[in-house]
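[1] sequence unknown, structure follows:
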């Protein structure tokens, strides 16, 4: 029996038990953005620490960071073999609007061989796969082919603000030959991908204040500025009607796409019709002169993520609202600097400030974009492991999302980052009804096991 | 002792008891806009019906309208005397944002001789004054100087949609010589006003839909339209930066102000600095070429009353929102037609529809503006009664707000409408911390009693 066949048999035999264990993990509502869930964050970290300890992982610790804790563990007895640092996150996104979930977000449910729960795919399900890969290798071989370290954080969904300082302070402890991250997706169902670039993130919240309290729109309407109108004007000024960002200097440092990359993307024959069907829109929308893949992988964005102000209940309330606010985030590409982008957003607000209101700006956590050469040996080996299990050529792609810590790993630890993800874009990562296709849970475990054997030979 | 002195003595002797009774009424959370309060509407109507019955009012009934019920009652034994139809409303506005109330909205509290509660001024407090005026006259004279009818509705704050049909169906029962409404305000503290015109109301809700569900802003951002951006563009298109409305034909039928009216408004020496202080703004905002009083009394408006979409919780959520919505209402002036205005708003949305989204429009209840000659005898008599109690000249003004049913009364019953209100603009009618200055509760009762004696002599 080949190593892959042995892995196959092991995971098949333990599938039910593994899914039950994963459900335990998914039931913990570890929403990092909401302070009400602070205790749940510790519960999730403790759950992971217990699992690692049971896996023979040593020096397991729950380390304070100033925010939600980091879970660390290591096994360093593969003398002379490379060391793999596994990174993942145990925090999840908020779940509203709750009424759009078909089953509750923290009650994992399998329908149609998909596991529905907040975090099923992003990223608890994939972190869990790292653990089960180690479990399988120990069970099959009594040892591991490589040294391993685990670094699992609780603040990825809120920008990983405290992790760079932790990594900086633990540089030696975290030293490794590569970092393996499973928090991205396949290129398409059945078509694996190694992701060699990610977008960065920067954002601000804009709070507009007019009068000191809400006013009667009859008594004052026409003579006092309306906070929502002021905000709407401001929001409308950020982009033109095609989505091209109107902030001065926003595109200054954007690295142009090479002709090779544009050709590689064209070769993927991306199906825009299928995308429209998937997301339910009649027309796509974006910056002129770029394909959808270019727009979402290699061009920066500015999105309003939320807006609020005045009366939003049932029926009518004739109020002249005193307050309104919006949350804005930008996806950044190489070589945009997040601090510089935030400064430009602030300058834009200052330049377009409507009359009759005061504006307060607060910054969100931010991180730069990341890009790595796709001909690096650990990247190419990942492509081979994928192909062995999925039996089709691996695509080398970029990701439109952000894993803020990836750029920090690059800068602080100076290691290649291998993004081997098993999600699918249709899995509603930050939206209601997040789910994970169990086909990729099953195949991904085999890929990861195979990859550790591969890495041992490099 | 003059009639006014007798009223004075009666109201002084019963003040505590009256305030306790009013508090019972204010404790009923009769929010007409929210279906969860349907039962509370009946409780409030029943409370009024009981009070009327105890006051010797006859034929008291709670009449179904298809919406919240109307309370009716009459006393018609003043042979040969005029008949006064008292109109008011027992419904109140919603109370959010609740956390801005210093004391709970439905727990009436007196601070600094002001009664704080939702409805204290608009309009339960003033409806209650009508009842206590009748009580005083019966107590003092054993009879009333005029015939009276009561019509107290429960849908004023949601546009009085069902009342016109009720009034039409009960034309004969409601026949009278004048309608007396106390739902407006003094011109300023200590300065009474008879209001001879009101603005009308029309409005729409705009619901924008992009993708079929919220999307991950990293995976799809840059390639799919954002519902909030689309909405913001649309909202920004409705007004220019000075608040002048950009809807085609919006100002077509606006009746220009006469030079006499403009002069009368100038003579009121409106204190714009005091207004800025009161509402807490550094600068006023409005249509160029018009004074604040003209902007708010005689010019139409378009206000966004509420906006919603995406993530509005604490922190950051990098979502590409699929849905966003806004509520818009316009204050109308003579001779704008509400149906025509709604049609123009819809045409504007159609004309400015952003790409990549679907838009749904729903209409709110609407009513035309109202204006009445201020030299009518019942109007002038109201001015005299105010002056007798407040001891300063009465101002004859217009109101910026809307009492949708006023225009309907005019059209259906063809009677003069006397708007004798006792509120103050600073009393937060539709906002947190609504209150009523008890000084005007006390004086208003005397004014109303005096006025009924006056009307008997006309």
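    Ah, there it is. The model shown is predicted, which means the values in this text are computed figures rather than measured ones. Numbering: from 1, shown residues only, chains lettered A, B, ... in the order given.
[2] check contacts around whichever residue of the stretch 251-400 of chain A sits closest to chain B.
    Nearest residue of the stretch 251-400 of chain A to chain B: residue A:280, at 2.9 Å (CB to the nearest CB). C-beta here means a position set from N, CA and C on the backbone, and glycine is covered the same way. Applying CB atoms under 8 Å, 6 or more residues apart in numbering or on different chains to residue A:280 gives the contacts B:211-213.
[3] ok, now residue A:40?
    Counting by CB under 8 Å, 6+ apart, residue A:40 has contacts A:28-31.
[4] just the element for residue A:339, please.
    Counting by DSSP states H and E, the element that carries residue A:339 is helix A:338-351.
[5] near chain B at all, that helix?
    No. Judged by CB under 8 Å from any CB of the partner chain, helix A:338-351 stays clear of chain B, getting no closer than 13.1 Å.
[6] and the helix or strand following that helix, what's buried?
    If you walk from helix A:338-351 toward the C-terminus, the next helix or strand you reach (DSSP H and E) is strand A:358-363. The neighbour-count check on strand A:358-363 (16 or more other CB atoms under 10 Å in any protein chain shown) flags residue A:359 as buried.
[7] name every strand pairing with strand A:358-363 and say which way it goes.
    strand A:200-209 (antiparallel) (DSSP bridges).
[8] so what does whichever helix or strand comes after the partner strand touch, helix or strand wise?
    Using DSSP H and E, the next helix or strand after strand A:200-209 towards the C-terminus is strand A:215-216. With contacts taken as 3 or more CB pairs under 8 Å, 6 or more residues apart in numbering or on different chains; DSSP states H and E, strand A:215-216 sits against strand A:319-320.
[9] is the strand it packs on positioned near chain B?
    Yes. Shown here: strand A:319-320 in contact with chain B (CB under 8 Å from any CB) through A:319-320.
[10] show me what the mean pLDDT comes to for that strand.
    This predicted structure assigns strand A:319-320 an average pLDDT of 95.
[11] extract the residue ranges of chain A that are flagged as low pLDDT.
    A:404 (pLDDT under 70).
[12] circling back: can you name every helix or strand that the helix holding residue A:339 contacts?
    By 3+ CB pairs under 8 Å, 6+ apart, helix A:338-351 packs against strand A:200-209, strand A:323-332, strand A:358-363.
[13] try it again at 6 Å.
    Identification of packing neighbours for helix A:338-351 by 3 or more CB pairs under 6 Å, 6 or more residues apart in numbering or on different chains; DSSP states H and E yields strand A:200-209.
[14] ok, back up a step: among the contacts of residue A:40, who's most crowded?
    If you count neighbours using other CB atoms under 10 Å in any protein chain shown, the busiest of the contacts of residue A:40 is residue A:30, which has 28 neighbours.
[15] list the contacts for the closest residue in space to it that isn't next to it in sequence?
    Sequence neighbours aside, residue A:44 is the residue nearest to residue A:30 in space, at 4.0 Å (criterion: CB to CB, 6 or more residues apart in numbering or on different chains). Residue A:44 makes contact with A:28, A:30, A:90, according to CB atoms under 6 Å, 6 or more residues apart in numbering or on different chains.
[16] next, the buried residues of the host helix or strand of residue A:44.
    Per DSSP H and E, residue A:44 falls inside helix A:38-54. Of all the residues in helix A:38-54, those buried under the rule 16+ other CB under 10 Å are A:40-42, A:44-45, A:47-49, A:51-52.
[17] any idea how far the residue of chain A most remote from its centre lies from chain B?
    No residue in chain A has its C-alpha farther from the mean C-alpha position than residue A:219, which lies at 47.8 Å (CA atoms, centre = their mean). Distance from residue A:219 to chain B, counting by CB to the nearest CB, to the nearest Å: 5 Å.
[18] that residue reaches residue B:402, doesn't it?
    No. With contacts counted by CB atoms under 6 Å, residue A:219 stays clear of residue B:402, the gap being 10.5 Å.
[19] okay, now residue A:83: neighbour count?
    19.
[20] that one against residue A:176, yeah?
    Yes. Between residue A:83 and residue A:176 there is a contact under CB under 6 Å: 4.2 Å.
[21] ok, now which ones touch the spatially closest residue to residue A:397 that is not a sequence neighbour?
    Leaving aside its chain neighbours, residue A:397 sits nearest to residue A:193 (4.7 Å; criterion: CB to CB, 6+ apart). The neighbours of residue A:193, taking CB under 6 Å, 6+ apart as the test, are A:186-187, A:395, A:397.
[22] kindly recompute the last result at 10 Å.
    For residue A:193, the contact set (CB atoms under 10 Å, 6 or more residues apart in numbering or on different chains) comprises A:184-187, A:268, A:382-383, A:386, A:394-399, A:419-421.
[23] give me the domain ranges for chain A.
    The domain map for chain A lists A:3-198+A:369-457, A:200-258+A:296-363, with the assignment taken from automatic domain parsing.
[24] among those domains, which is the most enclosed?
    Highest mean neighbour count among those (mean count of other CB atoms under 10 Å in any protein chain shown): domain A:200-258+A:296-363, with a mean of 22.
[25] can you give me the first-to-last residue distance of it?
    Domain A:200-258+A:296-363 has an end-to-end distance of 15 Å (criterion: CA to CA, to the nearest Å).
[26] and stretch A:112-121, by the same measure?
    With CA to CA as the measure, stretch A:112-121 spans 16 Å from end to end.
[27] give the contact list for residue A:183.
    A:87-89, A:121-123, A:126-127, A:156, A:195, A:198, A:399, A:401, A:403, A:405-406, A:419-423, A:429.
[28] can you list phi and psi of residue A:247 for me?
    phi -70, psi 130 (degrees, to the nearest 10).
[29] give me the distance between the nearest residue to it once chain neighbours are set aside and residue B:316.
    In space, residue A:247 comes closest to residue A:348 once its chain neighbours are excluded; the distance is 4.5 Å by CB to CB, 6+ apart. For residue A:348, the distance to residue B:316 equals 19 Å [CB to CB, to the nearest Å].
[30] equivalent analysis for residue A:278, please.
    25 Å.
[31] kindly report the same for residue A:435.
    Taking CB to CB, one finds residue A:435 at 23 Å from residue B:316.
[32] list phi and psi for residue A:305.
    Reported as degrees, to the nearest 10, the phi and psi values for residue A:305 are phi -90, psi -20.
[33] show the contacting residues for the closest residue to it other than its chain neighbours.
    Spatial nearest neighbour of residue A:305, chain neighbours left out: residue A:327 (4.5 Å); criterion: CB to CB, 6+ apart. Counting by CB under 10 Å, 6+ apart, residue A:327 touches A:203-206, A:303-308, A:362, A:364, B:228, B:310-313, B:315-319.
[34] same thing but at 8 Å, please
    A:203, A:205, A:304-307, A:364, B:310-312, B:316-317.
[35] I'd assumed residue A:165 was in contact with residue A:70.
    No. Judged on CB atoms under 8 Å, residue A:70 makes no contact with residue A:165 at a distance of 10.7 Å.
[36] doesn't residue A:442 belong to a strand?
    No. For residue A:442, which was evaluated using DSSP: H, G, I helix; E, B strand; the rest coil, the result is helix, with no strand membership.
[37] could you check the angle the helix holding residue A:339 makes with strand A:323-332?
    Counting by axes from the mean of the first three to the mean of the last three CA atoms, to 10 degrees, helix A:338-351 lies at 140 degrees to strand A:323-332.
[38] what residues does the stretch 101-250 of chain A put near chain B?
    A:158-159, A:185, A:199, A:201, A:203, A:210-226, A:228-229, A:231-233, A:235-239, A:241-243.
[39] now the helices for chain A?
    A:3-13, A:15-26, A:38-54, A:124-141, A:163-169, A:227-237, A:259-267, A:272-279, A:292-297, A:338-351, A:377-390, A:404-413, A:438-457 (DSSP state H).
[40] contact partners for the residue nearest to residue A:450 when sequence neighbours are not counted?
    Using CB to CB, 6+ apart and skipping the chain neighbours, the partner closest in space to residue A:450 is residue A:385 (4.4 Å). Residue A:385 makes contact with A:420, A:447-448, A:450-451, A:454, according to CB under 8 Å, 6+ apart.
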